[in-house]
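# Here's a sequence, model it:
(one chain, ligands or ions: 1)
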Amino acid sequence: MVHGASSLPLSLPRGTGARDGAGTPRALLRQNTGFPTETPVTAMTLLSDQMNLHPDQLGAYWMPFTANRQFKAAPRMVARAEGMHYWTPEGRRILDGFSGLWCCNAGHNRKPIVEAIQKQAATMDYAPAFQMGQPLAFELANRIVDIAPEGMDHVFFCNSGSEAVDTALKIALAWHRVRGEGHRTRLIGRERGYHGVGFGGISVGGMVANRKMFGAMLAGVDHLPTTHDLAHNAFTRGDPEWGAHLADELERLVQLHDASTIAAVIVEPMAGSTGVLFPPKGYLQRLREITRKHGILLIFDEVITAFGRMGAAFASQVYGVVPDMITFAKGVTSGSVPMGGVIASSAIHDAFMAGPPGAIELFHGYTYSAHVLACAAGVATLQLYKDEGLFERAKAMAPVLEDALHSLKGARHVIDIRNGGLAGAVELEPRPGAPGARTFETYLGCWEKGVLVRQAGEIICFAPALIVEESQIAEMTDTLRDVLARVA
Ligand SMILES: Cc1ncc(COP(=O)(O)O)c(C=O)c1O
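I've put the predicted structure just below:
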């Protein structure tokens, strides 16, 4: 925080941006704070001036996964959050139907998490993660292992879901190599899978827009077919009956490439980002059988499904299928500080613990692996989930969300509704010649009426925090019903 900067005029003149000349935010900060001109001062957006961001100040930030020009012509800003709500800078209250971005599972700004972060920030800001440790990293790893599926006993930390995926893929390749099977180099993902935006993640991922701009990606990757098929599964409550046989496509890929070339299969137990797709009954079990039979590792990408979303700590437990590795992120800190990680079985971990004890076993890690603020947030978050029984609460509220969502059957444009745990989706008929337009207008309409949902292509997605009340679920679905009645 730049002390004294609150005297910055609330409205900055046109033409400001990241430059540093006269009249720019930095120059104004200097004038107003008395910093000598040679002191580098960063223009900061203070809480007090968020209401007054000028359109010219919006250019410097190149926003991720956003239609930048459209957004900047009519920004949707939030400035404060608490519990189930956001507030816009003007003070309008927005009901958060999406846990931020699938991450604030305990609700926003929960006191125990906020206090843990504040306390840690004042105690030790950073500790190196390589060849050194800090107690909270070990505590968090132990707590994650305590609630993980049996036999998943080791945690490797990173900072995001994308990093978690790349870490898991690298561990898979290295594991085969340390066991003398370095010829297993192929990775298998799934069409419509989302595994983040690293080169590993987009290679095994199956979302065309995320892949087509970025070259050839990793070599030796193949994909299972998507399980999403409305001809068979429209308006299913919970997991679809149809589609387990699609796991057998893995046998076809084994025939094609030979098992000896395949290192791992990665799938999301429930594919969230691509539109909330639940696994057909028996599908994940079948994948487990086939991977085990052929010595192929199975990775569940639980970046969205971990930490209560499906009504248990991990989706793996809901489905009774134990993979070899689980990736996680988001809910581990309830979105409060970036963190991700990989949970590995003992069989994976222990294979690396050979060779001279002084040798580094895995040449992989990040400056911010197990960042101490994230660890503090993570420990407090897991404690909060436990104290408030939030995973059980998610399970208990799942039928409420199911009924509310399926009450939209028959609403205009709706061609499918699906749900499981505290996640659900309403798929709309695309407007002819304008893919995504109707759904985007629906998303905007909900925002204007005070409810945050998520648009994924032609799909409106719901993933409220695990503290959601019945009346709030009704508010979300009633709002969507109203908006659908008006959207062309
Ligand atoms: C299943 C899955 N994997 C990976 C990611 C990437 O996570 P991040 O955005 O934290 O890199 C996501 C993000 O939504 C995800 O849903």
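# Please identify which residue in this structure comes closest to the ligand.
Distances between the chain and the ligand by C-beta to the nearest ligand atom are smallest at Gly161, namely 2.1 Å. Glycine gets a C-beta too; all of them are placed from N, C-alpha and C.
# pretty sure that residue contacts Ala329?
Yes: Gly161 is in contact with Ala329 according to C-beta atoms under 8 Å; the separation is 3.8 Å.
# pLDDT-wise, which helix or strand of the chain ranks last?
One helix or strand of the chain scores below all others by mean pLDDT, DSSP states H and E: helix 25-33, with a mean of 36.
# So for Gly15, what's the pLDDT?
pLDDT, Gly15: 34.
# meant to ask about Asp56, not that
The model's pLDDT for Asp56 equals 89.
# Report the contact partners of the residue of the chain closest to the ligand.
Going by C-beta atoms under 8 Å, 6 or more residues apart in numbering, Gly161 touches His195, Gly196, Asp301, Val303, Thr327, Phe328, Ala329, Lys330, Gly340.
# next one: Pro240
Applying C-beta under 8 Å, 6+ apart to Pro240 gives the contacts Thr227, His232, Asn233, Phe278, Pro280, Lys281.
# Kindly recompute the last result at 7 Å.
Residues in contact with Pro240 (C-beta atoms under 7 Å, 6 or more residues apart in numbering) are Asn233, Phe278, Pro280, Lys281.
# Could you identify the helix or strand that succeeds the least confident helix or strand of the chain?
Downstream of helix 25-33, the first helix or strand assigned by DSSP states H and E is helix 68-73.
# anything in stretch 419-428 near the ligand?
No: using C-beta under 6 Å from any ligand atom, stretch 419-428 stays clear of the ligand, coming no nearer than 11.2 Å.
# Get me the contact residues on the stretch 51-200 of the chain for the ligand.
Trp102, Ser160, Gly161, Ser162, Val165, Tyr194, His195, Gly196.
# Doesn't the fourth one lie inside a strand?
No: according to DSSP: H, G, I helix; E, B strand; the rest coil, Ser162 belongs to no strand; its state is helix.
# okay, the nearest residue to it once chain neighbours are set aside: pLDDT?
Using C-beta to C-beta, 6 or more residues apart in numbering and skipping the chain neighbours, the partner closest in space to Ser162 is Gly196 (2.9 Å). We have a pLDDT of 98 for Gly196.
# which bits of the stretch 301-450 of the chain sit near the ligand?
Residues of the stretch 301-450 of the chain lying near the ligand (C-beta under 6 Å from any ligand atom): Asp301, Val303, Ile304, Ala329.
# Turn those into TSV, columns for secondary structure, distance to Gly200 and neighbour count.
Shown next, in TSV, are those (DSSP: H, G, I helix; E, B strand; the rest coil; distance: C-beta to C-beta, whole Å; neighbours: other C-beta atoms under 10 Å):
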residue	secondary structure	distance to Gly200	neighbour count
Asp301	strand	11	33
Val303	coil	13	30
Ile304	coil	18	29
Ala329	coil	15	28
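# Please state the backbone phi and psi of Arg192?
Dihedral pair for Arg192: phi 70, psi 10, per degrees, to the nearest 10.
# And for it, the neighbour number?
By other C-beta atoms under 10 Å, 21 other residues sit near Arg192.
# Tell me who's in contact with it.
Gly206, Met207, Thr226, His228, Ala271, Thr274, Leu277.
# Show me which of these is closest to Gly445.
Thr274 (22.8 Å; C-beta to C-beta).
# ok, back up a step: just the buried residues of the residues of the stretch 51-200 of the chain next to the ligand.
The neighbour count (16 or more other C-beta atoms under 10 Å) marks Trp102, Ser160, Gly161, Ser162, Val165, Tyr194, His195, Gly196 as buried among these.
# Could you work out the most separated pair of the residues you listed?
Spanning the widest gap among those are Trp102 and Val165, at 14.8 Å by C-beta to C-beta.
# Just the helices from the stretch 251-400 of the chain, written as ranges.
Applying DSSP state H, counting those that start in this stretch to the stretch 251-400 of the chain gives helices spanning 283-293, 315-319, 346-352, 372-387, 390-406.
# Show me the one of those helices that comes nearest Leu256.
helix 283-293 (13.8 Å).
# quick one: buried residues of the closest one?
Tyr283, Leu284, Arg286, Leu287, Arg288, Ile290, Thr291.
# any chance of the contacts of Gly161 in JSON lines, plus distance to Gly421?
Shown next, in JSON lines, are the contacts of Gly161 (distance: C-beta to C-beta, whole Å):
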{"residue": "His195", "distance to Gly421": "20"}
{"residue": "Gly196", "distance to Gly421": "21"}
{"residue": "Asp301", "distance to Gly421": "16"}
{"residue": "Val303", "distance to Gly421": "15"}
{"residue": "Thr327", "distance to Gly421": "18"}
{"residue": "Phe328", "distance to Gly421": "15"}
{"residue": "Ala329", "distance to Gly421": "17"}
{"residue": "Lys330", "distance to Gly421": "14"}
{"residue": "Gly340", "distance to Gly421": "21"}
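# Now do stretch 165-173: everything it contacts.
With contact meaning C-beta under 7 Å, 6+ apart, stretch 165-173 is reached by 156, 158, 185, 187, 195-196, 198, 200-201, 204, 263-264, 297, 299, 301, 325, 327, 342, 344, 348, 364.
# Mean confidence (pLDDT) on it, please.
Stretch 165-173 carries an average pLDDT of 98.
# ok, the closest residue in space to Glu163 that isn't next to it in sequence - contacts?
Excluding the flanking residues, the one nearest Glu163 by C-beta to C-beta, 6+ apart is Gly340, at 5.3 Å. If a contact means C-beta under 7 Å, 6+ apart, then Gly340 has Cys158, Asn159, Ser160, Gly161, Glu163, Ala164, Phe328, Ala329 as its contacts.
# just Glu268 next, same as before
Applying C-beta under 7 Å, 6+ apart to Glu268 gives the contacts Gly193, Asp301, Ile304, Thr305.
# Show me which pair in the residues you listed is furthest apart.
Gly193 and Thr305 (13.1 Å).
# returning to what we had before: include distance to Gly91 and pLDDT when you put the contacts of Pro240 into TSV, please.
Below are these laid out as TSV (distance: C-beta to C-beta, whole Å; pLDDT from 0 to 100):
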residue	distance to Gly91	pLDDT
Asn233	43	97
Phe278	38	98
Pro280	46	98
Lys281	47	98
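# Those: which ones sit near the ligand?
Within these, nothing lies near the ligand by C-beta under 6 Å from any ligand atom.
# Of those residues - the most surrounded one?
For these, neighbours were counted using other C-beta under 10 Å, and Phe278 has the most, 27 neighbours in all.
# Just send the helices of the stretch 251-400 of the chain back as TSV, with mean pLDDT too.
As requested, the helices of the stretch 251-400 of the chain are exported to TSV (pLDDT from 0 to 100):
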stretch	mean pLDDT
helix 283-293	98
helix 315-319	98
helix 346-352	98
helix 372-387	98
helix 390-406	98
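# wait, which of those helices is closest to Ile144?
Closest approach to Ile144 among the helices of the stretch 251-400 of the chain (C-beta to C-beta): helix 372-387, 7.3 Å.
# what packs against the closest one?
For helix 372-387, the contact count by 3 or more C-beta pairs under 7 Å, 6 or more residues apart in numbering; DSSP states H and E identifies helix 111-123, helix 135-147 as packing neighbours.
# relative to helix 135-147, how tilted is that helix?
30 degrees (axes from the mean of the first three to the mean of the last three C-alpha atoms, to 10 degrees).
# how about helix 372-387: buried residues?
Across helix 372-387, burial judged by 16+ other C-beta under 10 Å covers 372-382, 384-385.
# re earlier: now for Gly161 and Ala329: what residues contact both?
Looking at what touches both Gly161 and Ala329 (by C-beta under 7 Å, 6+ apart), the common residues are Val303, Gly340.
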